[in-house]
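Predicted model and sequence below, questions to follow.
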Amino acid sequence: MWSLIVPLKPLRRAKSRLAPVAGDTLRPSLALAFAEDTVAAALACAAVREVVVVTDDPLAGDRLALLGARVLPDAPGRGLNAALAHGAAAVRAGRPAAAVAALNADLPALRPAELGLVLAAAAGHARSFLADAAGVGTTLLAATAPAALGPAFGGPSRARHRFSGAAELALDGVESVRRDVDTGEDLRAALALGVGPRTAASARRLTASAGFTASAG
Ligand SMILES: Nc1nc2c(ncn2[C@@H]2O[C@H](COP(=O)(O)OP(=O)(O)OP(=O)(O)O)[C@@H](O)[C@H]2O)c(=O)[nH]1
Ligand SMILES: C=C(OP(=O)(O)O)C(=O)O
């Protein structure tokens, strides 16, 4: 059973690369919808014991706690990797042998069964990771005790995680775990896979008010 650590920036700063399609009005609610669908799917995965969200955003904290997540403030305040290390340390303070995995908050198409396949593969390694759909970044980094998580997210983190000694999980059929959404094009790809209900509703609002189209062109 895994403890997942999900980091989330304050919503008004989140998903800045979606500003061209969502503007500053819809962008925060879209970022929240992604996080809610990600956390709901993670909590529905049979291999997941708990989801720990590290965020300083009060609205997101309340909404994700309602779904069943444990919410920790971003006490270090030193960026993504410090937030993840903080979440992992909080889990291991209570259960030193806990298996921990960092999961991005922008996976609105996440399927519990596919996450289960990734975590089952990760159980066979001290540290392992899954590359994102673009093959440049990372969507999940896992560590089984006593290995430390050692997060090195940000930009081209696939190469960084590989260089750090983590095993790359080469799995087919786990597209929903790889499908992070940073741009309008990514959102179209996620919608084509099938997103959770909150993202589907947000995308409909985006279409109605900002003219976003779900198909390319
Ligand atoms: N708690 C916490 N989470 C962070 C921080 N920086 C980034 N994140 C989260 O880490 C994940 C990847 O972050 P980024 O790609 O840097 O940011 P983003 O909001 O997804 O997208 P951009 O603004 O377009 O870069 C997302 O789930 C973010 O919300 C931080 O300083 N603290
Ligand atoms: C932070 C990362 O993701 P992204 O910038 O694609 O959201 C990463 O892949 O390390």
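Here it is on my side, so go on. Numbers count the residues shown, from 1 in each chain. Ligands and ions are numbered 1, 2, ... in the order given.

pLDDT at A216, what is it?
The model reports A216 with a pLDDT of 66.

neighbours around A47, how many?
A count of nearby residues for A47, using other Cβ atoms under 10 Å, gives 20. (C-beta placed from N, C-alpha, C; glycine too.)

wait, A60
Neighbours of A60 under the rule other Cβ under 10 Å: 25.

Now do it against ligand 2, distance only.
Note on A60: its distance to ligand 2, by Cβ to the nearest ligand atom, to the nearest Å, is 16 Å.

right, and that residue touches L8 too?
Yes. Taking Cβ atoms under 8 Å as the definition, A60 is a contact partner of L8 at 5.6 Å.

Which neighbours do these two have in common?
Shared contacts of A60 and L8, defined by Cβ atoms under 8 Å, 6 or more residues apart in numbering, are found at 35, 53.

How about R178: what's its closest non-neighbour residue?
Excluding its sequence neighbours, the residue lying closest to R178 (Cβ to Cβ, 6 or more residues apart in numbering) is A133, at 4.4 Å.

got it, and L30?
What sits nearest to L30 in space, not counting adjacent residues and going by Cβ to Cβ, 6+ apart, is S202, at 4.9 Å.

Can you verify the one you found is assigned to a helix?
Yes. Assessed with DSSP: H, G, I helix; E, B strand; the rest coil, S202 lies in a helix.

for it, what are its contacts?
26, 29-30, 33.

So which bits of the chain are right by ligand 1?
Residues of the chain lying close to ligand 1 (Cβ under 6 Å from any ligand atom) are 7-9, 14-17, 54-55, 74, 79-80, 83, 104-106, 182.

Can you select the buried ones among those for me in ChimeraX?
This is the ChimeraX syntax for the buried subset of the residues of the chain next to ligand 1, where burial follows 16 or more other Cβ atoms under 10 Å:
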select :7,8,9,14,15,54,55,74,80,83,104,105,106,182
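
Narrow the residues of the chain next to ligand 1 to those in strands?
If you go by DSSP state E, the residues of the chain next to ligand 1 have 7-8, 54-55 in strands.

and of those, the nearest to ligand 1?
Nearest to ligand 1, judged by Cβ to the nearest ligand atom, of those is P7 at 3.3 Å.

re earlier: right, and the residue nearest to R178 touches V177 too?
No. If you go by Cβ under 8 Å, A133 and V177 don't touch, sitting 9.5 Å apart.

which of the two has more neighbours?
Comparing A133 with V177 by other Cβ under 10 Å, the one with more neighbours is V177, at 28 against 20.
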